[in-house]
Every structure is written in C-alpha cells, then in structure tokens.
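1. Got a sequence here, can you build the structure:
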Amino acid sequence: MLPYQSTLYHQQEQSKLYNPVVAPYYHSIYPSITPPLTPTIPFYYYPHQQQQQQQEEEEKKKKLQHKHVCGYQQCQWSFKRYEHLKRHMLVHTGERPFACEHPGCTKSFGRSDNLRAHYRTHFNKKRKSRN
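-> Okay, here's the model as predicted:
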C-alpha cells in the first residue's frame, strides 16, 4: 500500500468515529482535509432525550399492567390474561379436575399438562425396571 493510500484508509476508518452526515461530505469535496472532530454521541447521552425515553418506557409498562387481579384476600397476584388468572384460582379453590386413570393411581391435578407429565412417569418406571 502506498503512503498516500494508507493515510486515506486511516482517514476513512477515522471518519466512522465521527458524525456520519458531516464526514462523507468533507471527504468527497475536500479529500485532503480530515473530517471535523465532532463525535457522534448516542441519543441517551443527552439528558432530555434520556428522560423522554424513560417516560415512554413507563407508559408502555402502564399499558401492559396486569388487568386481571386475584380476588382472594391477601393475595396480590395479577395477570395480563384472564386464562392465567383462571389457572391461578385453582390454587385457592383446591380444585383438581384432571385425575390419573392409570390402575391403582389416585393422583389428580389442576392442569391437564401436569397430568400428562405425571402419566408418563408410570411408563418410564416400567422401562427402567426392564434394563
């Protein structure tokens, strides 16, 4: 690489550190002049923009607040979706509508996915005992 080419390459690499709007302009019109020393500062370095971003995040959180609140005394759980509240209510009612149908098993569960996971344990024990 020729000395001039290496200097030009160095200037181009340096220009990436500066304001992208100003640097290419100076390079195209005045190739021998280095770009001005105006570093690009991320928006969050400016206090008023940081405050604005924080306010926007707080507003988003308020919109996403949990609308479905558990009505039981001293229970402060709340949920975004009604289905999740319904599932939670089983904790308070003790309802277990999903019973295991395996012979000799008396376990029951509040959720069908828990029953499925339990039901598989009956078959995993048999496989292990064969080996």
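2. Enumerate every residue touching residue 87.
-> Neighbouring residues of residue 87 by C-beta atoms under 8 Å, 6 or more residues apart in numbering: 110-111. The way it works is simple: take the backbone N, C-alpha and C, and place the C-beta from them, glycine included.
3. Please, which helix or strand holds it?
-> Secondary structure from DSSP states H and E places residue 87 in helix 82-93.
4. Distance of residue 112 relative to residue 68?
-> Computed with C-beta to C-beta, to the nearest Å, the distance linking residue 112 and residue 68 is 21 Å.
5. thought residue 68 was touching residue 85?
-> Yes: using C-beta atoms under 8 Å, residue 68 is in contact with residue 85, at 4.1 Å.
6. Name the residues contacting each of the two.
-> 78-79.
7. Using the three-state scheme, assign residue 54.
-> State at residue 54, reduced to three classes by DSSP: H, G, I helix; E, B strand; the rest coil: helix.
8. okay, now it: neighbour count?
-> For residue 54, the count of nearby residues is 11 (other C-beta atoms under 10 Å).
9. More neighbours: which of residue 112 and residue 68?
-> residue 68 (16 against 10).
10. Convert the C-alpha atoms of the helix holding residue 87 to CSV, please.
-> Provided in CSV are the C-alpha atoms of helix 82-93 (Å, rounded to 0.1, in the frame of the first residue of the first chain):
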residue,chain,number,x,y,z
TYR,A,82,-57.7,-14.0,32.0
GLU,A,83,-56.7,-17.6,31.3
HIS,A,84,-53.7,-17.2,33.6
LEU,A,85,-55.9,-15.8,36.4
LYS,A,86,-58.3,-18.8,36.0
ARG,A,87,-55.3,-21.2,36.3
HIS,A,88,-54.1,-19.4,39.4
MET,A,89,-57.5,-19.6,41.1
LEU,A,90,-57.1,-23.4,41.3
VAL,A,91,-54.5,-22.7,44.0
HIS,A,92,-57.2,-21.1,46.2
THR,A,93,-60.1,-23.4,45.4
